[in-house]
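[1] predicted model and sequence follow; I will ask about them next.
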Amino acid sequence: MKKFIISSIAAMVVFAGAYASAATAEDMGTMTIKAGVPASYIMGLQKNLNVCANATPALVADGKYGAKTTAAVKAFQMSTPGLTVDGKAGNMTKAALAAKCSGTTTTTTTSGALCPNGMTLASNCMTAPVASTLNGGAGNLQSATLLGSPSNVQVGEGNSNVAVMAFELRADSGSDLKVTNIGLRFNKQSASVGSTWISRYLTSVSVWQGSTMVGTANVADLSQDGTAYIGTVALNNVVVKANSTTQLTVAVSASSTIDTGDAAAIFDGSVSSIRYQDASGAILTTNPTTITQPVRFLKLSTSASVKLKVSEDANNPKDRTVVSNYTTTTNDVSLLKFSVKAEGSDMNIYKIALPVTATGTTDATDISSYYKLKYNGNIISSMTVSATGLTPTITFGDTSVTGSTSLNGGLGKITIAKDSTAMFEVTADVNPICAAAVTTPTTSPCYDAGSAVANVFTTGDTLKVEFPSATLQSTAVTVLDQTGSSLGTSSTNRTGSATGYAATFRIQGVSSTMSAMSPVSTINTSGAVTSVQYTARLNVTATGNDFYIPRSAAFLAGANSTTVPTLTSPTAGVSFGILDGSNTYVDGSTAGNIATSATEISSSVNLVSGGIVDPSGRIKVAEGQTAVIDLVVTISEGSTGADVAGQYKVGVLSVNGADTNVGTISNFNATPTVTYETAFNTPAFQ
């Protein structure tokens, strides 16, 4: 204990004593300095803290607003009256720091300075000042109680001010109480796991009242007592009103270099003493025995508080038709947009590998062999795919893979700052669509040595890129935390995914998305459901030409299986299927199943907005425009009532149209079909 008290007294003398300097303040700009501001302002702040505020330990002026810079700012704020201790250098903090740099002095006085035990330096720590702000007479702490959160905390290396233990203090009705310091004890659970030296794990401890730091101590201020380390933290302006409570939280800042052998070590942290004074000036101490919590120290890369989170961007392109052509490459077709958030640490990403899926060809490279990765709008890597097949992997950043370039040029990595989010996009340069296979040797991408056209890129083929959780949680994605350790690959440290949606390539065509579907039931006087009407609202876009869509719909019979009904030679504007409660496409004829008679299934297509009905009766959707169309399907009870029992949902299978108002109608599949199937808990017909 003596070691700690002497060290703390020395620190208090420095804070209370005179400070004079003749340094010129470095430029700190006009904005609040925190993580994310220009590095030049952070460097100015760091230099000023070193030269003018005697930052201990001295900061490296590297322009990074990390844990050490934050701690130095908080220490300066705590030592300067009137400043909020929040670790951010706002205008008041910068002004106070600049004043020190300009040579402003304060009068040395120790008469009112407090020792860590709440006494004064002037009285050799033997008498206690009476706080004039305390009301009442004699009083006591009625209780000191451990709170349930946080508990069983894991602290990753380099993490600062991690809350590990919270407790509540209650004053009796006799007096307001000023809490002057608390005693802390950290006792190692097992000598066989890691070092017994607490300095291998901790750099400092702090005490917080809400979001305000009210006390701090360096690990060097703790004294060793066998396998335990003990010390006292002086508190600043912590008052518990009579007959009221306040909550305090103990936090720790971890070493930035916890060895692998020290990882998983556990210390039991506890509050061993609480010293306070009442309005009469009496100094009292209580020694709680139940305020204790285990604290586990881990490598940052495996700490549960360190996560890389992937999510689908709100602007991620959904299923759509992309206009291509016969002669030239279509560049920068957006296939996937996703965001990556770093939690608990800076994250350094060196490699991202993403799976590709193609349909309609036997080789995805027929559609595209060149992909680009963009970071916040800028190209940071590219990949030329040489692998064949429908499911190649595009690898960005791994130069050992043929065709891949490093991430971010010479840097070879992308750094996402702690608690920040970065936006990524994958694009492809799409080859010309083949009108037909070339059957003689040539360099044309349509040459297929005389094989069928299906082996080359033709209209209607699709391509998608995705970022599944299985890929994120594998070595296909290389991520290091701010200490240089590889981030754990389990769901503890890597979470989320980004769904990829198919881009369908056509010279011209129709694409559709469903914005809403709603069922309405008809109930007879006996309370039985006799019919259900489904309305599916579709947004239909014409690409490459004007398109004409018949104002009719057709039911496509299934095979009482999960196989999607075959689309051939459509005559109606919308083709749909019906699924039963087990997601089986009904065939419309089997006993006990919906029949195709007009009395049981009826449908219509209605224009809502965005197109016109031309003289031929078809809906005209102009090239590049979107029309809103409602598909209305009604399923009614049959004559016996038995053949429609169950729950049903409607699946939109295709929107069909022609490029002239009398031309042959082509079907444009909804891909994937499941996007347009919306299940409802429709009451069974009775």
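    Sure, I can see it.
[2] how far away is residue 144 from residue 58?
    Distance of residue 144 to residue 58, given as CB to CB, to the nearest Å: 38 Å. No exception for glycine: its C-beta is placed from N, CA and C like everyone else's.
[3] no no, residue 201
    From residue 201 to residue 58 the distance is 22 Å (CB to CB).
[4] of these two, which one has the most company?
    Taking neighbours as other CB atoms under 10 Å, residue 201 and residue 58 compare with residue 201 leading, 26 against 13.
[5] pLDDT below threshold where in the stretch 451-600 of the chain?
    451-455, 516-517, 589-599 (pLDDT under 70).
[6] quick check: bridge partners of residue 464?
    Judged by DSSP bridges, the bridge partners of residue 464 are residue 357.
[7] touching, it and residue 357? I think so.
    Yes - if you go by CB atoms under 8 Å, residue 464 and residue 357 touch, sitting 5.3 Å apart.
[8] whichever strand or helix holds residue 94 packs against which elements?
    Residue 94 belongs to helix 91-101 when assigned by DSSP states H and E. When contacts are defined as 3 or more CB pairs under 8 Å, 6 or more residues apart in numbering; DSSP states H and E, helix 91-101 packs onto helix 39-53, helix 67-79.
[9] could I have the CA atoms of stretch 277-291 written out in CSV?
    What follows is stretch 277-291, C-alpha atoms only, in CSV (Å, rounded to 0.1, in the frame of the first residue of the first chain):
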residue,chain,number,x,y,z
GLN,A,277,-16.8,11.6,4.5
ASP,A,278,-20.0,13.0,5.8
ALA,A,279,-21.1,16.6,6.3
SER,A,280,-19.7,16.6,9.9
GLY,A,281,-16.2,16.0,8.5
ALA,A,282,-15.9,12.4,9.8
ILE,A,283,-13.8,10.1,7.6
LEU,A,284,-15.3,6.6,7.4
THR,A,285,-14.3,3.4,5.7
THR,A,286,-16.3,0.3,4.8
ASN,A,287,-14.8,-3.0,3.6
PRO,A,288,-17.3,-4.8,1.3
THR,A,289,-16.8,-8.5,0.6
THR,A,290,-19.3,-9.2,-2.1
ILE,A,291,-18.2,-6.7,-4.9
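[10] circling back: joint contacts of residue 464 and residue 357?
    residue 500 (CB atoms under 8 Å, 6 or more residues apart in numbering).
[11] of these two, who's got more company?
    residue 464 (21 against 15).
[12] contact partners for the more buried one?
    Contact analysis of residue 464 by CB under 8 Å, 6+ apart lists 335, 336, 356, 357, 500, 501, 502, 503.
[13] nearest to residue 576 among the residues you listed?
    The shortest gap between residue 576 and any of the contacts of residue 464 belongs to residue 502, at 19.7 Å (CB to CB).
[14] contacts only, for the closest residue to the closest one other than its chain neighbours.
    Distances taken as CB to CB, 6 or more residues apart in numbering place residue 462 nearest to residue 502, at 4.1 Å, with adjacent residues excluded. Counting by CB under 8 Å, 6+ apart, residue 462 touches 358, 359, 360, 502, 503, 504, 505, 671.
[15] quick one: residue 462 and residue 383, what's the gap?
    Residue 462 is 20 Å from residue 383, by CB to CB.
[16] now swap in residue 424 and tell me
    Taken as CB to CB, the span from residue 424 to residue 383 is 14 Å.
[17] give me the more crowded residue out of those two.
    residue 383 (27 against 23).
[18] quick check, that one in contact with residue 403.
    Yes - applying CB under 8 Å, one finds residue 383 in contact with residue 403, separated by 5.6 Å.
[19] returning to that earlier point: how big is the angle separating the helix holding residue 94 from helix 39-53?
    Interaxial angle, helix 91-101 versus helix 39-53 (axes from the mean of the first three to the mean of the last three CA atoms, to 10 degrees): 50 degrees.
[20] so how far is helix 91-101 off the chain centroid?
    Relative to its chain's centre, helix 91-101 lies at 36 Å (CA atoms, centre = their mean, to the nearest Å).
[21] can we start the residue count at 34 from this point?
    Understood, numbering begins at 34; the last thing we discussed is helix 124-134.
[22] the helix or strand just after it: partners in the sheet, and parallel or antiparallel?
    Counting by DSSP H and E, the next helix or strand C-terminal to helix 124-134 is strand 174-179. Paired neighbours of strand 174-179 in the sheet (DSSP bridges): strand 195-204 (antiparallel).
[23] give me the buried positions along the strand it pairs with.
    195, 196, 197, 198, 199, 200, 202, 204 (16 or more other CB atoms under 10 Å).
[24] likewise stretch 313-333?
    321, 324, 325, 326, 327, 328, 329, 330, 331, 332, 333.
[25] so of these, which ones are in strands?
    325, 326, 327, 328, 329, 330, 331 (DSSP state E).
[26] how far away is the last one from residue 187?
    Yep, that's residue 331 we're talking about. Distance from residue 331 to residue 187, by CB to CB: 5 Å.
[27] in stretch 106-121, which residues are buried?
    So for stretch 106-121, counting by 16+ other CB under 10 Å, buried means 106-113, 116, 118-121.
[28] which of those scores worst on pLDDT?
    Among the buried residues of stretch 106-121, residue 116 has the lowest pLDDT, at 77.
[29] beyond the helix or strand where residue 236 lies, next helix or strand please.
    Assigned by DSSP H and E, residue 236 falls within strand 235-242. Using DSSP H and E, the helix or strand that follows strand 235-242 in sequence is strand 245-251.
[30] so what secondary structure elements neighbour the very next helix or strand once past that following strand?
    Downstream of strand 245-251, the next assigned helix or strand under DSSP H and E is strand 256-258. With contacts taken as 3+ CB pairs under 8 Å, 6+ apart, strand 256-258 sits against helix 35-49, strand 261-273.
[31] and if we set it to 7 Å?
    On a contact count with 3 or more CB pairs under 7 Å, 6 or more residues apart in numbering; DSSP states H and E, strand 256-258 meets strand 261-273.
[32] could you dump the helix or strand following the strand it packs on to PDB, C-alpha only?
    Using DSSP H and E, the helix or strand that directly follows strand 261-273 along the chain is strand 278-287. Provided in PDB are the C-alpha atoms of strand 278-287 (Å, rounded to 0.1, in the frame of the first residue of the first chain):
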ATOM      1  CA  THR A 278     -27.900   5.900  -4.500                       C
ATOM      2  CA  THR A 279     -25.200   6.300  -7.100                       C
ATOM      3  CA  GLN A 280     -23.600   3.700  -9.400                       C
ATOM      4  CA  LEU A 281     -19.900   3.400 -10.100                       C
ATOM      5  CA  THR A 282     -18.100   1.200 -12.600                       C
ATOM      6  CA  VAL A 283     -14.600  -0.100 -12.500                       C
ATOM      7  CA  ALA A 284     -12.900  -0.300 -16.000                       C
ATOM      8  CA  VAL A 285      -9.600  -1.600 -17.100                       C
ATOM      9  CA  SER A 286      -7.300  -0.900 -20.100                       C
ATOM     10  CA  ALA A 287      -5.400  -3.900 -21.300                       C
END
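[33] tell me the angle strand 278-287 makes with strand 174-179.
    40 degrees.
[34] which residues are contacting strand 278-287?
    100, 104, 180, 188-203, 217, 234-242, 271, 273, 302, 328, 330 (CB atoms under 7 Å, 6 or more residues apart in numbering).
[35] can you say which of the contacts of residue 497 are buried?
    Buried among those (16+ other CB under 10 Å): 368, 369, 389, 533, 534, 535, 536.
[36] tell me which stretches of the stretch 334-483 of the chain form strands.
    For the stretch 334-483 of the chain, applying DSSP state E, counting those that start in this stretch gives strands covering 340-345, 353-356, 363-376, 380-392, 403-408, 411-417, 426-429, 447-449, 454-463.
[37] which residues sit against the first one?
    When contacts are defined by CB under 7 Å, 6+ apart, strand 340-345 is touched by residues 371-377, 380, 500, 505, 512, 520, 526-532.
[38] ok, what's across the strand from the nearest residue to residue 407 once chain neighbours are set aside?
    In this structure, residue 407 finds its nearest non-sequential neighbour in residue 458, 4.3 Å apart by CB to CB, 6+ apart. Beta bridges link residue 458 to residue 370, residue 407, judged by DSSP bridges.
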